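Asker: fold the following and give me the result.
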Amino acid sequence: MKKFVYSLSAGNMRCLVTQLVSCLVVMTAIHSLIPRDCSSKGSIYSESKIREIQSELKTYRVRLESEAELLKKINTHQRTEENLNVAISQKDLIIQGLKEDLVSMETKYNETLKSKEGEENKQSEEGRSETPGKEEKEVDGDQLKNDTFLLPNQLTREAAPVGIAIAIVSDNNAKELKKTLDSLIENMPATGFPVFVSHNGTNEEVSKCILSYLMKDGERTNIFHLQYSMGAEIGPVDTLGVNSLHRKWVLSTLFDKYAYSKVVVIDDYVNFAFDVFDYFQASSKLLDTDSSIMCVSAWNENGQADFAKDSGTLTRTDVFPDLAWMISAEMWGELKADWPLHGWKAWLRNREQNKERSCVIPEVCRVSVRKRPTVSLKDEQFYEQYLSKIKLNKNPVKFVSMDLGYLTKTNYDAYISQLLGSSTEISSASILKDFRGKPGDLKLMYDEPSSYIAIARILGLTPMLKEGRASASYHGIVTIRYGTWRLFIVPEGWEKDLQAVKADSAL
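Answerer: Here you go, the predicted model:
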């Protein structure tokens, strides 16, 4: 370790102290020679001599104070050096402890694998005795134990499977994570969607849960384990900050390290529809062809069963939807430098940040959410009243065989303008229950955000705004099904808004 420039050997320290003592003795001697009353008769010193002695005395005093200050600095630096040496020793102990923990984990894993191999061999023997002549594929146990890809963060860029990366962002709830992974595996295709489960923390139950999905029937699955550990240089960060940094790390790992072109980020408490991967596969092309689309999401916050009917309809929204969302590497290139420590969802919904870009969402959700076990009473009530009623699609749609060109900005703006222009306007939401008009499109106007909240409460929609805009809205326009009608809840001045956006796009 590099020594401080002020650090001294024990001999040098003794020398310096001796000098200081000598200075003090000289000063005392000089001081004793000066009469207390220099003006008294019989003094042996002239006034000039007295001034000379006083000047020398002052010089010695300054020197003494300077060297005393130097001695103080030396002591301080030596204490600092001692503290650093202690810290280095503690760091070495921590590293040694981590190494021992890793060895322990590997030992436990090998023991578990050996036990599992024994059970599989026993079952295999029983199976052969019951069905003579059936060939069984042999599994090399040593090869499996040496598969470094089973350990967190060990997959190499060259070995990363091709496709759209699925990132499951997990905290510390093994039971919820298992439900999510079971639903995912039940509905995902065999190839094209490598899954990365990113675990924040060192919860042993979560690690065991993830490990149990990395192998199946003696073969590696398409699931990989990532483990996020926030660096100490970040400093103290609250839960919301950790959640934001965790997502940034996951996106950086999959885009920057493994070079994926598309990544789907999913929370660890969702269920999946059968056609969710077909949906992401088909809509991923929109991210390549339309720069006005920021993301594609499988979630629609207005997707309650009463308001979502058509499984094949997709719409645009300029309110970031969250939960299960896909972005491209190009979009990540724009976002990563300014990714916030807090409020990442609100940040993505900010108009200056997203540059008025939109997300694609389905009318009928391709994911649904389960109630989280550690929520507040207010959040639990919100879940029961709104989120629990979200409809998960049960009618698979082959989106890859459909033309989704109507969702590009120019086409969609013209399409929505035409629908609004031909729709029947109604005066209030309260008349809908007794409305007897013919099936078709209805239009309900509102003048300001607070008016929309009042309408949402009457209809049973989520009565809240996100960054000043209604959930799942497009330029303030909310589209839902209501009975046999398609209902547009529209802000006044919508025509000018869409025309202004068209003009900006033309520029």
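
Asker: mind checking pLDDT for residue 365?
Answerer: In this prediction, residue 365 carries a pLDDT score of 99.

Asker: what's the answer for the one 10 residues further on, then?
Answerer: What the model reports as pLDDT for residue 375 is 71.

Asker: so what's it closest to, chain neighbours aside?
Answerer: Using CB to CB, 6 or more residues apart in numbering and skipping the chain neighbours, the partner closest in space to residue 375 is residue 383 (7.1 Å). Where C-beta positions appear, they are placed from N, C-alpha and C, glycine not excepted.

Asker: repeat for residue 322
Answerer: Nearest non-adjacent residue to residue 322, counting by CB to CB, 6+ apart: residue 345, 5.7 Å away.

Asker: for residue 339, same thing?
Answerer: Nearest in space to residue 339, with sequence neighbours left out and distances taken as CB to CB, 6+ apart, is residue 248 at 4.6 Å.

Asker: and for residue 284?
Answerer: With CB to CB, 6+ apart as the criterion, residue 284 has its nearest non-adjacent residue at 5.2 Å, and that residue is residue 262.

Asker: now the helices for the stretch 301-450 of the chain?
Answerer: The residue ranges that make up the helices of the stretch 301-450 of the chain, judged by DSSP state H, counting those that start in this stretch, are 329-335, 344-349, 351-354, 377-385, 409-422, 449-459.

Asker: helices or strands next to the second one in the packing?
Answerer: Contacting helix 344-349 under the criterion 3 or more CB pairs under 8 Å, 6 or more residues apart in numbering; DSSP states H and E are the following elements: helix 239-252.

Asker: residues of the helix it packs on that come out buried?
Answerer: In terms of neighbour count (16 or more other CB atoms under 10 Å), helix 239-252 has its buried residues at 241-251.

Asker: now the angle from the very next helix or strand once past that helix to helix 239-252?
Answerer: Where DSSP states H and E defines the elements, the next helix or strand beyond helix 239-252 is strand 262-267. Here strand 262-267 points in a direction 150 degrees away from that of helix 239-252 (axes from the mean of the first three to the mean of the last three CA atoms, to 10 degrees).

Asker: direction included, what does strand 262-267 pair up with?
Answerer: Next to strand 262-267 in the sheet, as set by DSSP bridges, lie strand 165-170 (parallel), strand 324-328 (antiparallel).

Asker: I'd like those laid out as JSON lines, including mean neighbour count and mean pLDDT.
Answerer: Listed next are the strands paired with strand 262-267 as JSON lines, based on neighbours: other CB atoms under 10 Å; pLDDT from 0 to 100:
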{"stretch": "strand 165-170", "mean neighbour count": "24", "mean pLDDT": "97"}
{"stretch": "strand 324-328", "mean neighbour count": "23", "mean pLDDT": "98"}
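
Asker: possible to save these as CSV with distance to residue 278?
Answerer: Below are the strands paired with strand 262-267 laid out as CSV (distance: least, CB to CB, whole Å):
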stretch, distance to residue 278
strand 165-170, 14
strand 324-328, 13
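
Asker: any idea which of the ones you listed gets closest to residue 454?
Answerer: Smallest distance to residue 454 across those (CB to CB): 29.6 Å, for strand 324-328.

Asker: how distant is that closest one from the center of its chain?
Answerer: With CA atoms, centre = their mean, to the nearest Å as the basis, strand 324-328 stands 13 Å off its chain's centre.

Asker: got a list of contacts for that strand?
Answerer: 164, 251, 261-267, 270, 276, 280, 283-284, 287-288, 294-299, 335, 359, 366-367 (CB atoms under 8 Å, 6 or more residues apart in numbering).

Asker: wait, what's in contact with residue 245?
Answerer: Applying CB under 8 Å, 6+ apart as the definition, the contact partners of residue 245 turn out to be 228, 230, 234, 237, 341.

Asker: go again using 10 Å as the cut-off
Answerer: For residue 245, the contacting residues are 200, 228, 230-231, 234, 237, 339-342, 344, by CB atoms under 10 Å, 6 or more residues apart in numbering.

Asker: for residue 477, same thing?
Answerer: Residue 477 touches 315-318, 416, 419-420, 443, 470, 488-491, 494, 497-498, counting by CB under 10 Å, 6+ apart.

Asker: buried subset of these?
Answerer: Neighbour-count burial (16+ other CB under 10 Å) applied to the contacts of residue 477 gives 315-318, 416, 420, 443, 470, 488-491, 494, 498.

Asker: between the residues you listed, which is closest to residue 399?
Answerer: Here the nearest of the buried ones among the contacts of residue 477 to residue 399, counting by CB to CB, is residue 315; it sits at 13.7 Å.

Asker: what sits against the closest one?
Answerer: With contacts taken as CB under 10 Å, 6+ apart, residue 315 has the following neighbours: 300, 302, 358-363, 407, 412, 416, 472-474, 477-479.

Asker: re earlier: just the contacts of residue 477 now: which is nearest residue 460?
Answerer: Checking the contacts of residue 477 against residue 460 by CB to CB gives residue 489 as the nearest, at 12.7 Å.

Asker: element containing that closest one?
Answerer: Secondary structure here is read from DSSP H and E; on that basis residue 489 sits in strand 485-491.

Asker: return that strand as CSV; C-alpha atoms alone will do.
Answerer: These are the backbone C-alpha positions of strand 485-491, laid out as CSV (Å, rounded to 0.1, in the frame of the first residue of the first chain):
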residue,chain,number,x,y,z
TRP,A,485,-71.5,-0.1,-28.3
ARG,A,486,-67.9,1.1,-28.7
LEU,A,487,-67.6,4.2,-26.6
PHE,A,488,-65.1,6.9,-27.2
ILE,A,489,-64.5,9.2,-24.2
VAL,A,490,-63.0,12.3,-25.9
PRO,A,491,-61.5,15.6,-24.8
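
Asker: tell me which strands it pairs with, and in which orientation.
Answerer: As assigned by DSSP bridges, strand 485-491 forms pairs with strand 441-446 (parallel), strand 478-482 (antiparallel).

Asker: just want the angle from it to helix 409-422.
Answerer: Going by the same axes, to 10 degrees, strand 485-491 is angled at 100 degrees with respect to helix 409-422.

Asker: what angle sits between strand 485-491 and helix 449-459?
Answerer: If you take the same axes, to 10 degrees, strand 485-491 sits at 160 degrees to helix 449-459.

Asker: to the chain's geometric centre, what's the distance from strand 485-491?
Answerer: Once both centres are worked out by CA atoms, centre = their mean, strand 485-491 turns out to sit 35 Å from its chain's centre.
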